[in-house]
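Asks: Quick one, fold the following:
(one chain, ligands or ions: 2)
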Amino acid sequence: MNQIERVLEAIETIAVPNRVVVLTGAGISAESGVPTFRGAGGLWKNYRPEELATPEAFARDPRLVWEWYEWRRELIRGVSPNDAHCALAWFEREIEGRCGFSLVTQNVDGLHRRSGSREPIELHGNIFRARCVREGTGIELPGPLAELPPRCGCGSLLRPDIVWFGEPVPLIGDAMSEASRADVMLVIGTSGAVYPAAGLVSLVRGGLTIEINPDATPLTDAFSASLRSSATAATRPILEALAGRIGACR
Ligand SMILES: NC(=O)c1ccc[n+]([C@@H]2O[C@H](COP(=O)([O-])OP(=O)(O)OC[C@H]3O[C@@H](n4cnc5c(N)ncnc54)[C@H](O)[C@@H]3O)[C@@H](O)[C@H]2O)c1
Ligand SMILES: [Zn+2]
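Replies: Residues are numbered from 1 along each chain as shown. Ligands and ions are numbered 1, 2, ... in the order given. Predicted coordinates:
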């Protein structure tokens, strides 16, 4: 029996879940062609993301930071959601009205929404939004920018509406409350290196926790089951088994 088959068998034996929570990281978008920060292709002009995704970097050189975001925005516009994103959107519709569900993502690429997920909790913001540094007003900026750095109507700089390293995560309370009520938590493609998101799995009390990642992470030992597998190979079979379990007894 392989690793996935063992997890599918374990799902058959759990109590019917009342709440399934999924946490995704950059790894779920890797097979769509969006580089992860810590994998190959994560560098831009020899800068590490930790040198650019910070308030200090933006204060020092807003144009440089915006050039990096423009590069990423263009790259993301050119890719499509993959089967792991689509399976999550399918699962949400499939179990609606029968089981609580929430999707928490650290990704800023918007691919969950594009694949049909209704209300992902985008912990770290969205790369297609910006906000005024003075007024805080948000604005959608889907297309390429004519001028860098872009400015608000009031004349102040716009910044990407992204939670940078060292900044508070406004939506973490929502995510913690979801995790603490979960009977099943699935964590897909996250390195477990970026807190507070990495702490969410420890809030699940007595439930089934499953990690999907081709590599072991600092969190691997904290899961009931950890699959050395890519997001597109493991996500759909696991969600189909969970949907079957949820449907089976109602
Ligand atoms: N797509 C995006 O929006 C994007 C991309 C890069 C970074 N980020 C940001 O970077 C921060 C980094 O944290 P992180 O943990 O999300 O990413 P990370 O780059 O630190 O780690 C990515 C993880 O994905 C795993 N992975 C690689 N290929 C995979 C695959 N095919 N299937 C499943 N897993 C795979 C890697 O082993 C690694 O553990 C986040 O805050 C996020 O906002 C976002
Ligand atoms: Zn303004």
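Asks: what's the domain layout of this protein?
Replies: 1-33+81-124+170-250, 35-78+127-162 (automatic domain parsing).
Asks: any chance of those domains in JSON lines, with mean pLDDT and mean neighbour count too?
Replies: No exception for glycine: its C-beta is placed from N, CA and C like everyone else's. As requested, those are exported to JSON lines (pLDDT from 0 to 100; neighbours: other C-beta atoms under 10 Å):
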{"stretch": "domain 1-33+81-124+170-250", "mean pLDDT": "95", "mean neighbour count": "19"}
{"stretch": "domain 35-78+127-162", "mean pLDDT": "95", "mean neighbour count": "15"}
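Asks: I'd like to know which of those is closest to ligand 1.
Replies: The minimum distance between ligand 1 and the domains of the chain falls on domain 1-33+81-124+170-250, with 2.3 Å, by C-beta to the nearest ligand atom.
Asks: all strands for this protein, in order.
Replies: 19-24, 100-105, 121-122, 125-132, 138-140, 158-162, 184-188, 208-212, 225-227 (DSSP state E).
Asks: Out of the ones you listed, flag the one nearest ligand 2.
Replies: strand 125-132 (3.1 Å; C-beta to the ion).
Asks: any chance of the strands of the chain in TSV, with distance to ligand 2 too?
Replies: Below are the strands of the chain laid out as TSV (distance: least, C-beta to the ion, whole Å):
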stretch	distance to ligand 2
strand 19-24	32
strand 100-105	28
strand 121-122	22
strand 125-132	3
strand 138-140	9
strand 158-162	8
strand 184-188	37
strand 208-212	41
strand 225-227	46
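Asks: May I have the residues that are in contact with the spatially closest residue to residue 102 that is not a sequence neighbour?
Replies: Of all residues not flanking residue 102 in the chain, residue 178 sits nearest, at 4.5 Å (C-beta to C-beta, 6 or more residues apart in numbering). Contacts for residue 178 (C-beta atoms under 8 Å, 6 or more residues apart in numbering) come out as 19, 21, 102, 104, 121.
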